[in-house]
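A.B. asks: what's the 3D shape of this:
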Amino acid sequence: MGDDIRLIIQFIVGAVFAGQLNTGINALFMLTYIGSSRYWYNRVRAEVDAVVDKYAPDRSLPLGQRVEAIPIEAWESEFPLLDCCLTNSIRLQLLKTMYRRNMGAEDVKIGNEIVPSGTFLTYHISDVHQDPGIYLGLLKWDPSRYFAERAEDKKKPFC
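C.D. replies: I've put the predicted structure just below:
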């Protein structure tokens, strides 16, 4: 397609390193944020304790054993606050660029633009994740921004 080989290499290396900032790393940031706020720590602790007590009420058992008793369905649905905590941690830490290549045989229309087959697309996430018109207290770690009554992440697509 005539692109400079250096630019292609920079793009590929950038894409590889962009993938290193994953949920595991963000989970560690989440624990740091939770630990820095007594208010959120207490709320998260109450949520976790409630789920553990629901599925393994025998407090004489070791905590690890009690946590093992929580079914996968509960892990996926009964930790809404932890989900908000992780989502907000990702919002603050994931200030990167997303990449996608149109691998289909056909061109794709997005809005008024045509994306030819084989073309790379990039999107800088900060356009929405760091938009003060969307997020109040832009750089503050605040899981309540995802609660239904605020729903800051619903103000625009891709928030």
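A.B. asks: CA atoms for contacts and neighbours, from now on please.
C.D. replies: Noted.
A.B. asks: Where does the prediction get shaky in this structure?
C.D. replies: Along the chain, segments meeting pLDDT under 70 span 1-2, 18-23.
A.B. asks: any chance you could map the helices in it?
C.D. replies: 5-18, 23-35, 38-55, 63-68, 72-77, 80-93, 126-129 (DSSP state H).
A.B. asks: how about those helices in JSON lines, adding distance to Glu152 and mean neighbour count?
C.D. replies: Formatted as JSON lines, the helices of the chain follow (distance: least, Cα to Cα, whole Å; neighbours: other Cα atoms under 10 Å):
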{"stretch": "helix 5-18", "distance to Glu152": "25", "mean neighbour count": "12"}
{"stretch": "helix 23-35", "distance to Glu152": "19", "mean neighbour count": "16"}
{"stretch": "helix 38-55", "distance to Glu152": "18", "mean neighbour count": "15"}
{"stretch": "helix 63-68", "distance to Glu152": "32", "mean neighbour count": "13"}
{"stretch": "helix 72-77", "distance to Glu152": "21", "mean neighbour count": "10"}
{"stretch": "helix 80-93", "distance to Glu152": "11", "mean neighbour count": "20"}
{"stretch": "helix 126-129", "distance to Glu152": "10", "mean neighbour count": "17"}
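A.B. asks: Tell me how far Val128 lies from Cys159.
C.D. replies: According to Cα to Cα, to the nearest Å, Val128 stands 6 Å off from Cys159.
A.B. asks: Redo the helices of the chain as TSV? Include distance to Ala105.
C.D. replies: As requested, those are exported to TSV (distance: least, Cα to Cα, whole Å):
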stretch	distance to Ala105
helix 5-18	21
helix 23-35	32
helix 38-55	47
helix 63-68	46
helix 72-77	36
helix 80-93	33
helix 126-129	29
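A.B. asks: what's in contact with stretch 103-120?
C.D. replies: Outside stretch 103-120, the residues that touch it by Cα atoms under 8 Å, 6 or more residues apart in numbering are 99-102.
A.B. asks: ok, now stretch 45-63?
C.D. replies: By Cα under 8 Å, 6+ apart, stretch 45-63 touches 66-67, 69-71, 74, 78-79, 81.
A.B. asks: Quick check: nearest residue in space to His124, chain neighbours excluded?
C.D. replies: Thr97 (4.3 Å; Cα to Cα, 6 or more residues apart in numbering).
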